[in-house]
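K.L.:
need a 3D model of the sequence below.
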Amino acid sequence: MKTEMKVLLYIKRSVQDKDGFSPLMGRISVRGKVNSIAQFACKFKIDVRLWNATAQRCTGKSKAATMANREIERLLLLLQKRFNELTDIKDVVKAEEVRNVFQGLAETQDTIMKLYAEHTATMPCV
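P.N.:
Residues are numbered from 1 along each chain as shown. Have a look, this model is predicted:
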């Protein structure tokens with residue numbers, strides 16, 4: 001069964017600042033052997049008046065709209081790239097894994113002391 005990923009972008013209107021900007025949010029849906037959904041913040045704000053929910057883009061030819069649309073395209077391409085990298089490595093990919101790889105979160109973080117203890121345990125005594 002082929003695994004596919006879809007990304008939905010929306011603005012969080014409940015957290016609108018005084019200038020009329022709201023944070024852009026994303027929802028990753030992965031369908032395949034395991035269906036999963038993960039949400040994430042895109043880390044930039046969009047002018048509410050320019051946002052088109054059906055197109056998931058900003059409307060207009062203004063500088064703000066074109067810059068926002070360019071950033072959205074970059075974000076979607078990076079998400080697709082990370083998803084393709086994961087599907088090359090793993091058979092079953094979850095939306096949370098795509099989100100974590102996209103955001104740069106490591107699955108496990110080993111400390112230097114832990115790595116040193118593993119190294120000394122595996123190396124023979126001289």
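K.L.:
break down this structure into its helices, ranges please.
P.N.:
Along the chain, counting by DSSP state H, helices occupy 63-89, 95-103, 112-122.
K.L.:
just say which of those is most tucked in.
P.N.:
helix 95-103 (a mean of 19; mean count of other CB atoms under 10 Å). Glycine gets a C-beta too; all of them are placed from N, C-alpha and C.
K.L.:
show me what it packs onto, helices and strands only.
P.N.:
Counting contacts by 3 or more CB pairs under 8 Å, 6 or more residues apart in numbering; DSSP states H and E, helix 95-103 packs against strand 21-31, strand 36-47, helix 63-89.
K.L.:
against which helices or strands is the second one packed?
P.N.:
Here strand 36-47 is seen to pack against strand 21-31, helix 63-89, helix 95-103 when contacts are counted using 3+ CB pairs under 8 Å, 6+ apart.
K.L.:
tabulate these in TSV, adding columns for distance to Thr122.
P.N.:
Below are the helices and strands packed on strand 36-47 laid out as TSV (distance: least, CB to CB, whole Å):
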stretch	distance to Thr122
strand 21-31	36
helix 63-89	25
helix 95-103	28
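K.L.:
looking at these, which is closest to Val48?
P.N.:
strand 21-31 (5.4 Å; CB to CB).
K.L.:
in JSON lines: the helices and strands packed on helix 95-103, plus distance to Met113.
P.N.:
As requested, those are exported to JSON lines (distance: least, CB to CB, whole Å):
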{"stretch": "strand 21-31", "distance to Met113": "35"}
{"stretch": "strand 36-47", "distance to Met113": "32"}
{"stretch": "helix 63-89", "distance to Met113": "28"}
